[in-house]
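Trainee: okay, predicted coordinates and the sequence, questions at the end:
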Amino acid sequence: MDRIDVLVIGAGVVGLAVARALARAGREVVITEAEGRIGSGVSSRNSEVVHAGLYYPAGSLKARLCVRGKGLLYAFCAERGVDVRRCGKLIVATRAQDHAKLDAIVAHAQACGVHDLTRLTREQARELEPALECSAALLSPSSGIVDSHAFMTALLGDAERHGATLALASRFAGAERHAAGWRVRVADAAGGPDDQADKAGEADGFELDARWLVNAAGLDAQAVAGAMHGFPATAIPRRHVAKGHYFSLAGRAPFSRLIYPTPVDGGLGVHLTLDLGGQAKFGPDVQWLDDDRSAAALDYAVDPARSAGFYAEVRRYWPELPDGALAPAYSGIRPKLSGPGEPAADFVIAGPAAHGVAGVVQLFGIESPGLTASMAIGEEVAAIVHD
């Protein structure tokens, strides 16, 4: 029976950052990932934006870890040669009634230690981006874009250099407490659900003993927590899922910065982002899903008919968007802890002091700005895991 210090469940950007932090702290770490490659879930279906930390209530984990994580990410990428660019972002109001939202963003940002925002008039914004239409704007110079896959590869490489081990196509199938920690069952991801494996009497995979479990399973975090026998169901928050669609732009956009409208319920609005090659995409919109299925069973199809709503939203700040210029690109699904019309919930990073169960750290609701905050989340978890 293999015995390790920490099992990290999930090899998305957060799981990899956590594993790196723990390995660098001298822990013996194994990372299990149900898919056949790293970062194939939430981490591969986002805007790849490095957020400045403008939107989150002061004192929240999202606010603190976003600001801290932004600095760590930029420094790490510079050191490891990962493509990243501080291209800046404009948050635009297209109606007079949205100016109050800009004021609220400034207040939130300052309370969180972000003091580099500049308020712009319509004329000043158009000097920076002549194709833009707005009535006022904010300039965020520390916002940027990153090659998220190269970033994850670099995190994994650093974790492995410090002794961490990655097991792909390996599904967490359950765990039970014992005197020294947790007895964990890991199944071949090609196999059936855990209850089917139990009925068969055996399952391909392996078992190990871990002193600590870190649940970084993203969309499946609630299901993983539920498979830890003895962990109280009352400490597992309900998961809400919000799907966001992205459409790509044919040709090059006349913008050099990210363009964001003022926030909407459930997200940051249909914004324009650029990849490191200058290609533009728009999204995400917000489609709430009434769905309790596993991450593997969720539908990521993009309905081309949704582009009609995108044209309407984008033309509020780019009136010259040509007809027929948008093509379906991809979609992402966020593991949220708040539903439609509810105040946005904070990250949950819960160790034994919070839930009362020894040897486990649960990560719930790690959505945006999870990419930006990932290395700071790693620090947070490493501070919880102790001898």
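Mentor: Noted; the coordinates are in hand.
Trainee: this protein: helices as residue ranges?
Mentor: Ranges of helices within the chain are 13-24, 61-80, 99-111, 122-128, 148-161, 194-200, 221-226, 307-314, 352-355, 370-384, based on DSSP state H.
Trainee: can you redo those as JSON lines with mean pLDDT?
Mentor: Shown next, in JSON lines, are those (pLDDT from 0 to 100):
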{"stretch": "helix 13-24", "mean pLDDT": "98"}
{"stretch": "helix 61-80", "mean pLDDT": "98"}
{"stretch": "helix 99-111", "mean pLDDT": "93"}
{"stretch": "helix 122-128", "mean pLDDT": "98"}
{"stretch": "helix 148-161", "mean pLDDT": "98"}
{"stretch": "helix 194-200", "mean pLDDT": "42"}
{"stretch": "helix 221-226", "mean pLDDT": "97"}
{"stretch": "helix 307-314", "mean pLDDT": "92"}
{"stretch": "helix 352-355", "mean pLDDT": "97"}
{"stretch": "helix 370-384", "mean pLDDT": "98"}
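Trainee: let me know which of the ones you listed is the nearest to F364.
Mentor: helix 221-226 (5.3 Å; Cβ to Cβ). For glycine as for every other residue, the C-beta is placed from the backbone atoms N, C-alpha and C.
Trainee: any idea which of the helices of the chain is most buried?
Mentor: helix 13-24 (a mean of 29; mean count of other Cβ atoms under 10 Å).
Trainee: what's the pLDDT at G201?
Mentor: Reading off the confidence values, G201 has pLDDT 42.
Trainee: roughly how far apart are G144 and L120?
Mentor: 19 Å (Cβ to Cβ, to the nearest Å).
Trainee: more neighbours, those two?
Mentor: Set G144 next to L120 and count neighbours by other Cβ atoms under 10 Å: G144 wins out with 24 against 20.
Trainee: bridging residues for the more buried one?
Mentor: V50 (DSSP bridges).
Trainee: go ahead and confirm it touches V84.
Mentor: Yes - G144 is within contact range of V84, at 6.1 Å (criterion: Cβ atoms under 8 Å).
Trainee: overlap in contacts, the two.
Mentor: Shared contacts of G144 and V84, defined by Cβ atoms under 8 Å, 6 or more residues apart in numbering, comprise 50, 74.
Trainee: OK, contacts around L90?
Mentor: L90 sits in contact with 120, 125, 128-129, 132, 134, 137-140, 257-260, where contact means Cβ under 8 Å, 6+ apart.
Trainee: ok, W288 next?
Mentor: 240-243, 266, 339-340 are the contacts of W288 under Cβ under 8 Å, 6+ apart.
Trainee: then I91?
Mentor: I91 neighbours (Cβ under 8 Å, 6+ apart): 54, 102, 105, 137-138, 140, 260-262.
Trainee: now swap in V146 and tell me
Mentor: With Cβ under 8 Å, 6+ apart, V146 has these contacts: 48-50, 73, 77, 82-85, 371.
Trainee: which residue packs closest to it, ignoring adjacent ones?
Mentor: V84 (4.4 Å; Cβ to Cβ, 6 or more residues apart in numbering).
Trainee: quick one on the thing from earlier: so which of the helices of the chain gets nearest R185?
Mentor: Of those, nearest to R185 by Cβ to Cβ is helix 194-200, at 7.8 Å.
Trainee: that older thread, wait, the residue nearest to V146 sits on L73?
Mentor: Yes - if you go by Cβ under 8 Å, V84 and L73 touch, sitting 7.4 Å apart.
Trainee: need the residues touching each of those two.
Mentor: With Cβ under 8 Å, 6+ apart as the test, V84 and L73 both reach 50, 146, 151.
Trainee: can you redo those as JSON lines with distance to F364?
Mentor: Output for these, formatted as JSON lines (distance: Cβ to Cβ, whole Å):
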{"residue": "V50", "distance to F364": "23"}
{"residue": "V146", "distance to F364": "24"}
{"residue": "F151", "distance to F364": "23"}
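Trainee: nearest to E35, of the residues you listed?
Mentor: Top of the list for closeness to E35, among those and by Cβ to Cβ, is F151 at 17.7 Å.
Trainee: for H99, see how far away the closest residue to that closest one other than its chain neighbours is.
Mentor: Spatial nearest neighbour of F151, excluding adjacent residues (Cβ to Cβ, 6+ apart): V82 at 5.2 Å. Here V82 is placed at a distance of 37 Å from H99 (Cβ to Cβ).
Trainee: same check on R161?
Mentor: Taking Cβ to Cβ, one finds R161 at 50 Å from H99.
Trainee: same question, V270
Mentor: 20 Å.
Trainee: tell me where the model's unsure across this structure.
Mentor: Flagging of the chain using pLDDT under 70 yields the residue ranges 1, 190-203, 264-267.
Trainee: domains in it, by residue range?
Mentor: Domain assignment for the chain by automatic domain parsing gives 2-46+150-237+344-384, 86-141+239-336.
Trainee: distance between the ends of the last one?
Mentor: Spelled out, it's domain 86-141+239-336. Domain 86-141+239-336 has an end-to-end distance of 28 Å (criterion: Cα to Cα, to the nearest Å).
Trainee: work out the gap between it and the centre of the chain.
Mentor: 16 Å (Cα atoms, centre = their mean, to the nearest Å).
Trainee: circling back to that earlier point, let me see the contact set for the residue nearest to F151.
Mentor: For V82, the contact set (Cβ under 8 Å, 6+ apart) comprises 76, 146-147, 150-151, 154.
Trainee: ditto for V49
Mentor: So V49 contacts 89, 143-146, 258, 273, 371-372 (Cβ under 8 Å, 6+ apart).
Trainee: and the domains of the chain: which comes nearest L61?
Mentor: That would be domain 2-46+150-237+344-384 among those, by Cβ to Cβ, at 4.3 Å.
Trainee: and the residue nearest to H149 when sequence neighbours are not counted, how many neighbours?
Mentor: Residue nearest to H149 in three dimensions, not counting chain neighbours: G39, with 6.4 Å by Cβ to Cβ, 6+ apart. Close neighbours of G39, defined as other Cβ under 10 Å, add up to 25.
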